[in-house]
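In: Make a model of this:
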Amino acid sequence: MFKTILFPVDRSQEAVEAAEVVVNLVQTYQSKLILLSVVEKATAEELSSSDAMKSPEKVEKLLQDAKDFFSNQGIEAEVIEKEGKPAFVICDVADETKANIIVMGCRGLGLTEEGSHDSVTNRVINLSPCPVLIVP
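Out: Next comes the predicted model:
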């Protein structure tokens, strides 16, 4: 059913919690797992801030940590790092890799009407070429 699972990762606690769901799905369906992290384009001013998702080095470390986590569960994962606007990149990668499902953690804030315009999760739900599983 889910031959290919795309799991976009970031440094949020919600992504960590979603990882357990991903483990269960991959093991249940014997799926191929693709880990994705998106480096957001940053201005020089933003590069000096502590936003980890704007630093290619920190994103690379994040992906390696995620890959190690899944490896410890007996799951091999393909790793993809891209630059751009997260929601659009996630949907593009889902399309390129022919993912059957995207699994994402969510803080829940962007799913309300007032927060939906800036929510990566909401944008992915609306643009995705495949089903999206949101793990609260």
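In: Please state the offset of stretch 2-10 from the chain centre?
Out: Computed by C-alpha atoms, centre = their mean, to the nearest Å, the chain-centroid distance of stretch 2-10 equals 7 Å.
In: which of the residues in that stretch are buried?
Out: If you call a residue buried by 16 or more other C-beta atoms under 10 Å, then stretch 2-10 has these buried ones: F2, T4, I5, L6, F7, P8, V9, D10. In short, each C-beta sits where N, CA and C put it, glycine included.
In: Please apply the same query to stretch 18-38.
Out: So for stretch 18-38, counting by 16+ other C-beta under 10 Å, buried means 18-19, 21-23, 25-26, 31-38.
In: Okay, and which of those residues map to strands?
Out: Judged by DSSP state E, the subset of the buried residues of stretch 18-38 located in strands is K32, L33, I34, L35, L36, S37, V38.
In: Check the spacing between the second one and E57 real quick.
Out: This means L33. Separation of L33 from E57 (C-beta to C-beta, to the nearest Å): 23 Å.
In: now do the last one
Out: Computed with C-beta to C-beta, the distance linking V38 and E57 is 15 Å.
In: Could you do the fourth one as well?
Out: According to C-beta to C-beta, L35 and E57 sit 17 Å apart.
In: ditto for the first one
Out: If you measure K32 against E57 using C-beta to C-beta, the figure is 27 Å.
In: Could you export the ones in strands among the buried residues of stretch 18-38 as JSON lines, including pLDDT?
Out: Formatted as JSON lines, these follow (pLDDT from 0 to 100):
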{"residue": "K32", "pLDDT": "98"}
{"residue": "L33", "pLDDT": "98"}
{"residue": "I34", "pLDDT": "98"}
{"residue": "L35", "pLDDT": "98"}
{"residue": "L36", "pLDDT": "97"}
{"residue": "S37", "pLDDT": "95"}
{"residue": "V38", "pLDDT": "94"}
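In: Make TSV out of the residues you listed and add distance to N72.
Out: What follows is these, written out as TSV (distance: C-beta to C-beta, whole Å):
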residue	distance to N72
K32	18
L33	13
I34	18
L35	14
L36	20
S37	19
V38	24
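In: Tell me where the model's unsure across this protein.
Out: In the predicted model, the chain carries pLDDT under 70 at residues 42-52, 108-117.
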